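below is the sequence, then the predicted model.
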Amino acid sequence: MSLWHLDAPARGHGAGFPSDWVLRWSQAWREREGGGTGITALDLACGAGRHLRLLAGDGVAVTGVDRDAAALAGLAGVSGRVELIEADLEQGPWPLADRVFDVVIVTNYLWRPLLPRIVAAVAPGGWLIYETFTHGQQSIGRPARPEFLLRPGELLTAAAGLRVVAYEDGFLDTGAIAPGDGSVNGRHVQRVAAVREKPPAPGAAPGVYPRFPLR
């Protein structure tokens, strides 16, 4: 199998570190009108809250959703602008009704029936930043079950109603390994950054579009 190598910091994706993909597209909340304090964000399947903490530290109003009550309890008091929702996303109803957010972040999580809901939760002018395991991961480790691995191009299909700013699908090398070690220090991932474009403002010149600086 051929591997397409994606660039990543050597420190990798430890539980305490934000994803390099999320950091790459931090313009989604840091470079918008009003700055972080005027932005709402959803961290879906937030776990221990590495991205929730990042966003809250920038003054963003963040909603974190996870089924792990203990993980959510560890996030209590992070910020007065944090909302925590305990919900089983796979067995229960969608917990957010028709709410939309300026930034929607999903990492290391896939439940296909929710993909349309996730995309619908992106507000006009908002961003979807999504990264999770893809086909090929089963050859080197977990997750290995097909229901937890994206098919080639699947995130592009899911984000078809958005403007895709960046997309990657390949092997993410997370650092060197000791000589003679048969393990693979990396993972197969698919990731997308996409925007739901707003209709042109009244009186705007035709053909004028917002700029999304590429990182």
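Nice, I can see it.

tell me the contacts of Ala61?
Each residue near Ala61 by Cβ atoms under 8 Å, 6 or more residues apart in numbering is listed here: Ile39, Thr40, Ala41, Arg81, Val82, Glu83. From N, CA and C alone the C-beta is placed, and that goes for glycine too.

6 Å instead, please
Shown here is Ala61, whose contacts under the criterion Cβ atoms under 6 Å, 6 or more residues apart in numbering are Thr40, Arg81.

if I look at it, how far off is Asp102?
Per Cβ to Cβ, to the nearest Å, Ala61 is found 9 Å from Asp102.

between those two, which contacts overlap?
Counting by Cβ under 6 Å, 6+ apart, the residues touching both Ala61 and Asp102 are Thr40.

so where's the protein shaky on pLDDT?
1-15, 34-36, 135-144, 146-147, 175-186, 201, 204-215 (pLDDT under 70).

let's go with 90 and repeat that
Low-confidence regions of the chain, defined here as pLDDT under 90, cover residues 1-17, 31-38, 77, 79-80, 132-153, 168-190, 198-215.

show me where it has helices.
With DSSP state H applied, the chain shows helices at 20-24, 27-30, 50-57, 69-73, 115-120, 154-158, listed in chain order.

possible to save those helices as TSV with distance to Asp169 and mean neighbour count?
Compiled in TSV, the helices of the chain are given as follows (distance: least, Cβ to Cβ, whole Å; neighbours: other Cβ atoms under 10 Å):
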stretch	distance to Asp169	mean neighbour count
helix 20-24	12	19
helix 27-30	20	20
helix 50-57	21	22
helix 69-73	29	13
helix 115-120	16	16
helix 154-158	8	18
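
how about a markdown table for those, with distance to Ala166 added?
What follows is these, written out as a markdown table (distance: least, Cβ to Cβ, whole Å):
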| stretch | distance to Ala166 |
| --- | --- |
| helix 20-24 | 8 |
| helix 27-30 | 11 |
| helix 50-57 | 17 |
| helix 69-73 | 29 |
| helix 115-120 | 16 |
| helix 154-158 | 11 |
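
closest one to Leu89 among these?
Comparison of the helices of the chain against Leu89 by Cβ to Cβ identifies helix 115-120 as nearest, at 9.1 Å.

if I look at the nearest residue to Trp127 once chain neighbours are set aside, how far off is His188?
Distance criterion Cβ to Cβ, 6 or more residues apart in numbering; nearest residue to Trp127, sequence neighbours excluded, is Ala28 at 3.8 Å. To His188, Ala28 is 24 Å away according to Cβ to Cβ.

again, but for Arg196
Using Cβ to Cβ, Arg196 is found at 28 Å from His188.
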